[in-house]
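> take a look and give me a structure for this.
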Amino acid sequence: PPLIVLLVSTIVYGNQAYENKKNYDAVHRTLNDPNAELEDIDRAEQWLERYYYSAPLSHPLSWLLVVSNKQAKAELDESRNRGEQLFWQAIQKAPSIDKKLQAANAYTKALPSGQRVGDAKAIIAQSEEPLRQQIEQQWWNPVVQAPTMIAKLHAVQAYQKALPDGQHQAEVKNILAQIEEFLRKEEEQRLWQPVEQATSLTAKLEAARAYQKALPSGQHQAEINNLLVEIAEALRDEEEQRLWQPVLDAKSGSFSLQKAVAQDYLLEKPDGKYAAEAKQIIAQAEEALREEEKALREEEKALRERKETRWWQPVEQTKFLSTKANKARAYLDA
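All right, here's what the predicted structure looks like:
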């Protein structure tokens, strides 16, 4: 039985030593590779740490033939010291505050129990405020230096997006309020100027309606309302005058023309400003036309009577029957 136990133990520990030899060789290569990744180095150090903290009796052949616990601890400490130095040198050689902060954060992340972790955290605390101030200035300077209100608006929007909790938030609100007021006044002026500069009633009406539609609560609303009433009244007068002018022009013409244009006016404006006058003109024209027609009929009657007399008189005045007959025939022909 002792020989059997010895044989089994030799086989078990021999296999264990063989596996530990492969793992140790891989760890040794990693720790001596200047281009090794941090994850690989970390795994190698963890293997050495587990190996060191395990009891020698749990791997006697490995301890004798591969690497002792003391050697594993020495290599672990050497690797961690080397890593410590590399991370700390990166902090010391950082060319700027933000790079130093990045290096210090990398140190605390990679070596949370490192020898200089306290110093690294102090560097982080010292670097964060200047860096924050630097970032603040980087985003706030374009706001201060903006040459126009539009440029300032874009700079403020960029600041808000980059630093929603920035230290200039109160100023941002004031600036946005100022910009909003400026843009509102600019919009007021842009829409009101065409109303003031319009050279015709139609153009003024279109500009006033455009203002009213774009700015229903604009500061010129009272003026717009009064102006719309005045323009509507002026346009009605203009329309009245346009329709009434032909009636005025026809006063020197015939009564039939006067009647026709007055009727055209009433057709367009039955309740117009000159409706009563148009009706009076029509009545007067109709009366005059009736008088003209009566005079024409009397003139025609007189003309017929004169014609009768002119053709019948020779018949009556002729004594000879043959001549009388000829004159009678001429009368009938006429």
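
> got phi/psi on the spatially closest residue to G218 that is not a sequence neighbour?
Excluding the flanking residues, the one nearest G218 by CB to CB, 6 or more residues apart in numbering is E188, at 5.9 Å. For glycine as for every other residue, the C-beta is placed from the backbone atoms N, C-alpha and C. For E188, the backbone dihedrals (degrees, to the nearest 10) come out as phi -60, psi -50.

> roughly how far apart are E188 and G166?
The gap separating E188 from G166 is 32 Å, by CB to CB, to the nearest Å.

> quick revisit: number of residues surrounding the residue nearest to G218?
E188: 16 surrounding residues under other CB atoms under 10 Å.

> let me know the pLDDT of it.
We have a pLDDT of 81 for E188.

> so who does it touch?
By CB atoms under 8 Å, 6 or more residues apart in numbering, E188 lies in contact with L215, G218, Q219, H220.

> now those residues: which count as buried?
L215, G218, H220 (16 or more other CB atoms under 10 Å).

> any chance of the residues you listed in JSON lines, plus distance to Q46 and secondary structure?
Output for the buried ones among the contacts of E188, formatted as JSON lines (distance: CB to CB, whole Å; DSSP: H, G, I helix; E, B strand; the rest coil):
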{"residue": "L215", "distance to Q46": "71", "secondary structure": "coil"}
{"residue": "G218", "distance to Q46": "73", "secondary structure": "coil"}
{"residue": "H220", "distance to Q46": "77", "secondary structure": "coil"}
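
> low-confidence ranges, the stretch 51-200 of the chain, go.
For the stretch 51-200 of the chain, applying pLDDT under 70 flags the ranges 56-66, 68, 76-92, 97-98, 100-101, 107, 110-116, 120, 123-129, 131-132.

> tell me what the top helix by length along the chain is packed against?
Taking DSSP state H as the criterion, the chain has its longest helix at helix 275-317. Secondary-structure packing of helix 275-317 (3 or more CB pairs under 8 Å, 6 or more residues apart in numbering; DSSP states H and E): helix 255-268, helix 321-333.

> in TSV, list those along with distance to A36.
Formatted as TSV, the helices and strands packed on helix 275-317 follow (distance: least, CB to CB, whole Å):
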stretch	distance to A36
helix 255-268	99
helix 321-333	145
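
> just name the most buried of the ones you listed.
For the helices and strands packed on helix 275-317, average neighbour numbers computed from mean count of other CB atoms under 10 Å are highest in helix 255-268, which has a mean of 18.

> quick one, that helix and helix 275-317 angle?
150 degrees (axes from the mean of the first three to the mean of the last three CA atoms, to 10 degrees).

> tell me which stretches of the stretch 101-250 of the chain form helices.
Along the stretch 101-250 of the chain, counting by DSSP state H, counting those that start in this stretch, helices occupy 117-145, 149-162, 169-197, 201-214, 221-249.

> output these as TSV; include the columns distance to A106.
Below are the helices of the stretch 101-250 of the chain laid out as TSV (distance: least, CB to CB, whole Å):
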stretch	distance to A106
helix 117-145	9
helix 149-162	24
helix 169-197	31
helix 201-214	56
helix 221-249	63
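
> neighbours around A17, how many?
20.

> now L228
Residues near L228, counting by other CB under 10 Å, number 15.

> what of A208?
By the measure other CB under 10 Å, the count of residues near A208 is 23.

> please apply the same query to the one 4 residues further on.
Other residues near Q212 come to 18 when the count uses other CB under 10 Å.

> residues contacting it?
G218, Q221, I224, L228.

> could I get the pLDDT score of it?
For Q212, pLDDT reads 78.

> any figure for the gap between it and T199?
20 Å.

> for E300, same thing?
Taken as CB to CB, the span from E300 to T199 is 58 Å.

> which one's more surrounded, those two?
When neighbours are counted by other CB under 10 Å, E300 and T199 differ, and E300 comes out ahead with 10 against 7.

> got the contact list for that one?
If you count contacts by CB under 8 Å, 6+ apart, E300 has none.

> returning to what we had before: out of the helices of the stretch 101-250 of the chain, which comes closest to Q71?
helix 117-145 (26.5 Å; CB to CB).

> tabulate the buried ones among the contacts of E188 (a markdown table), appending distance to E49 and pLDDT.
Formatted as a markdown table, the buried ones among the contacts of E188 follow (distance: CB to CB, whole Å; pLDDT from 0 to 100):
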| residue | distance to E49 | pLDDT |
| --- | --- | --- |
| L215 | 75 | 78 |
| G218 | 76 | 79 |
| H220 | 81 | 79 |
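
> could you dump these to CSV with distance to L248?
CSV is the format used below for the buried ones among the contacts of E188 (distance: CB to CB, whole Å):
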residue, distance to L248
L215, 42
G218, 42
H220, 38
